[in-house]
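# Return atomic coordinates for the entry below.
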Amino acid sequence: MSNADKTAEKTLVTVATYNEIENLPRLVEEIFQHAAGVDILVVDDNSPDGTGQWCDEKAAEDPRVHCLHRQGKLGLGTATIAAMRYGIEQGYKYVLNMDADFSHHPRYLPDLLAAMEPKDAPPVDIMIGSRYVPGGGVEGWPLKRHLMSQGVNLYARWFLGLKPKDCSGAFRCYRTEMLAKLDFDAVRSRGYSFQEEILWHLKRLGARFGETPIIFADRQHGASKIDSREAVGALWIIFTMGLRNLLPR
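Sure, this is the predicted structure:
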């Protein structure tokens, strides 16, 4: 089997980082503990805390680890798109996105991968690690954040006609063959509305969605990247996409 054929059978786990040196070394170790056959791509936005340097050192000793360095903090959406493009160009079968802060625990990786090819149903194009299906949940959130998350999901499902119960979660496995059909230049979101927008574009391409339960745990180390201005901007982008659903022209 050629190297290209071997890559085509593999999963690329992608992690966008900015100042995650407290989490990334342990995260990489646990990813390989639960899914030894995957490759890892770290997309680092020039972290001043040395995250990118650590990644380069790790990649030099482990060929399963790859690093993509960007010049500055350019947004979660563009980091995820860069990772998706890399997965397409390198011929991976799946691209699996997760956060760097252990809110998405690597123990769920086998469940997401297995659910892509269910035994009693057609293959899935996007499998979401879901907080809002039976067996899923959230740990460590105040009531305000629970309400905000539930509200954003209801808003997105209503405006965009999305079926998944967790439209805003970032723990997802994508079939690369489906991602290759996307026009990434048409994606407007740079921040947190990216998760809803990418589902909307994939839905319009006829993608099949699935959800498997996860317990989302609030970060224990490092600083949260959530910005209130980005949150408001995300709601506006979802609203304008909803108008496009009503008025396709």
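
# what about Asp39, how many neighbours?
Under the neighbour criterion other Cβ atoms under 10 Å, Asp39 is assigned a count of 19. In this view, the C-beta of every residue, glycine as well, is placed from N, C-alpha and C.

# Let me know how buried Tyr155 is, in neighbour terms.
18.

# Go ahead and list the helix or strand containing it.
helix 143-160 (DSSP states H and E).

# again, but for Gln195
helix 194-204.

# for stretch 68-84, the distance to its chain's centre please.
Relative to the centre of its chain, stretch 68-84 is centred 12 Å away, using Cα atoms, centre = their mean, to the nearest Å.

# Give me the residues contacting that stretch.
Contact with stretch 68-84 is made by 12, 14, 16, 18, 41-46, 52, 86, 95, 97, 170, 174, 179, 182, 184, 187, 189-194, 197-198, 225, as judged by Cβ atoms under 8 Å, 6 or more residues apart in numbering.

# buried subset of those?
12, 14, 16, 18, 41-45, 52, 86, 95, 97, 170, 174, 179, 182, 184, 187, 189-194, 197-198, 225 (16 or more other Cβ atoms under 10 Å).

# Keep only those of those residues that are in strands.
Among the buried ones among the contacts of stretch 68-84, the members found in strands (DSSP state E) are 12, 14, 16, 41-44, 95, 97, 174.

# Quickly check these for the two that are furthest apart.
By the measure Cβ to Cβ, Asp44 and Tyr174 form the most distant pair in these, at 20.8 Å.
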